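Enquirer: Turn this into a model:
(one chain, ligands or ions: 3)
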Amino acid sequence: MSSTLSDVFRSHPIHIPLSNLPDFKALPDSYTWTPKDDLLFSASASDETLPLIDLSDPHATTLVGHACNTWGAFQITNHGVPSRLLDDIEFLTGSLFRLPVQRKLKAARSENGVSGYGVARIASFFNKKMWSEGFTVIGSPLQDFRKLWPSHHLKYCEIIEEYGEHMQKLAAKLMWLALGSLGVEEKDIKWAGPNSDFQGTQAATQLNHYPICPEPDRAMGLAAHTDSTLMTILYQNNTAGLQVFRDDVGWVTVPPVPGSLVVNVGDLLHILTNGIFPSVLHRARVNHVRSRFSMAYLWGPPSDLMISPLPKLVDPLQSPLYPSLTWKQYLATKATHFNQSLSIIKNYLSSDQIS
Ligand SMILES: C=C1C[C@]23C[C@@]1(O)CC[C@H]2[C@@]12CCC[C@@](C)(C(=O)O1)[C@H]2[C@@H]3C(=O)O
Ligand SMILES: O=C(O)CCC(=O)C(=O)O
Ligand SMILES: [Fe+2]
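Expert: Numbers count the residues shown, from 1 in each chain. Ligands and ions are numbered 1, 2, ... in the order given. Next up, the predicted model:
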């Protein structure tokens, strides 16, 4: 499972110096963002609210479908992930980022690697630094965790494994709710497997830390991006910071609701639905009172599987909006073209042209 996604970045190395976040009273220029650094930096904010859906609601399919259509994101309760496990993953994340920086650097992500400690990959697309640090897990975290916690790593590996299992099941359930709302049936997605449980899908778990910031209004935790996934399921601690963007509304803060999870439609689900579900543009802001943690489960298809718009969702008189491509190909496109990737692949005539 680990090798294939990691392969993608071997040919897309990034060099982003890892620096300990500065402990200044004022923000250094290298961390000060203006609209010149990100066009939407100061776009208007709105007090609209993202849908909060109770998954045990008999109308869950319709509610999820509507949220995917209009926002490309929603929050969920009654999702079945034990609250004890959410506490455990939050505890793990806090323990990891509270380690001394020299220890964290022992598990630093290599330039052409994907797992380990470092700044977000998207940092290479911006001139300014982001006020955050991250840790990416793909496959087994054993080697990295042994370097971080020489005597407690097994306990932490178990938490990651259990978290991944629960998230994979939840992702499959959400996928059927979302696609079910469009009339897509199990027979329409053969790669979901004989039990339609999406076994064989791949995922990355991304742990994020946004330390207390002296001048949050001029800083950026994680810059605006869409996820290159089918879906992302995110757990945030009790500190707000996540914002989602809608052209007609502006930036909307997603408040932490205890025990709830945030779900984002990613670029691949946008492609699979032939553009019906938007993949949500989102970012993380920081604050000067509390540090913030988030734990994202970035879920995608088997990395070599061809993904294309579902025939059922393509108007018979029109061509599909997107060509077929694999997750690996899409990640490679994203590594070069970042937020332009969807419009770039739209203009390819066939997947032959995507290397
Ligand atoms: C599967 C993946 C999605 C991701 C790139 C990655 O290979 C592993 C890290 C993921 C992440 C997490 C933080 C935000 C993001 C944009 C980034 O820089 O690294 C996503 C990537 C993505 O969705 O494109
Ligand atoms: O910290 C957050 O709320 C957002 C994290 C995120 O977007 C990601 O990890 O892809
Ligand atoms: Fe994201």
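Enquirer: What residues does the stretch 251-355 of the chain have near ligand 1?
Expert: 298, 331, 334 (C-beta under 6 Å from any ligand atom). For glycine as for every other residue, the C-beta is placed from the backbone atoms N, C-alpha and C.
Enquirer: out of these, which are inside strands?
Expert: Those of those mapping onto strands are Leu298, per DSSP state E.
Enquirer: Generate the ChimeraX command that creates a selection of the buried members of the residues of the stretch 251-355 of the chain next to ligand 1.
Expert: Remark: buried members of these, expressed as a ChimeraX selection using 16 or more other C-beta atoms under 10 Å:
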select :298,331,334
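Enquirer: Got the confidence number for Met1?
Expert: On the pLDDT scale, Met1 is placed at 46.
Enquirer: that older thread, let me have the residues of the stretch 251-355 of the chain next to ligand 1 in CSV, extended by distance to ligand 2.
Expert: As requested, these are exported to CSV (distance: C-beta to the nearest ligand atom, whole Å):
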residue, distance to ligand 2
Leu298, 6
Leu331, 13
Lys334, 12
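Enquirer: Name the SS class of the residue lying closest to Asn127 once chain neighbours are set aside, please.
Expert: Ranked by C-beta to C-beta, 6 or more residues apart in numbering and with sequence neighbours excluded, the top spatial neighbour of Asn127 is Asp37, at 5.8 Å. Here Asp37 is recorded as coil under DSSP: H, G, I helix; E, B strand; the rest coil.
Enquirer: Against ligand 2, how distant is Asp37?
Expert: Distance of Asp37 to ligand 2, given as C-beta to the nearest ligand atom, to the nearest Å: 18 Å.
Enquirer: just checking, what packs against the helix or strand harbouring Val64?
Expert: Here Val64 sits within helix 60-70, counting by DSSP states H and E. Packing partners of helix 60-70 (3 or more C-beta pairs under 8 Å, 6 or more residues apart in numbering; DSSP states H and E): strand 52-54, strand 73-77, helix 153-180.
Enquirer: Contact residues of this protein facing ligand 1?
Expert: 5, 114, 120-122, 136, 204, 206, 225, 227-229, 298, 331, 334.
Enquirer: In helices only, show me the residues you listed.
Expert: 5, 331, 334 (DSSP state H).
Enquirer: if we can go back for a sec, any idea how far the residue nearest to Asn127 lies from Val286?
Expert: 15 Å (C-beta to C-beta, to the nearest Å).
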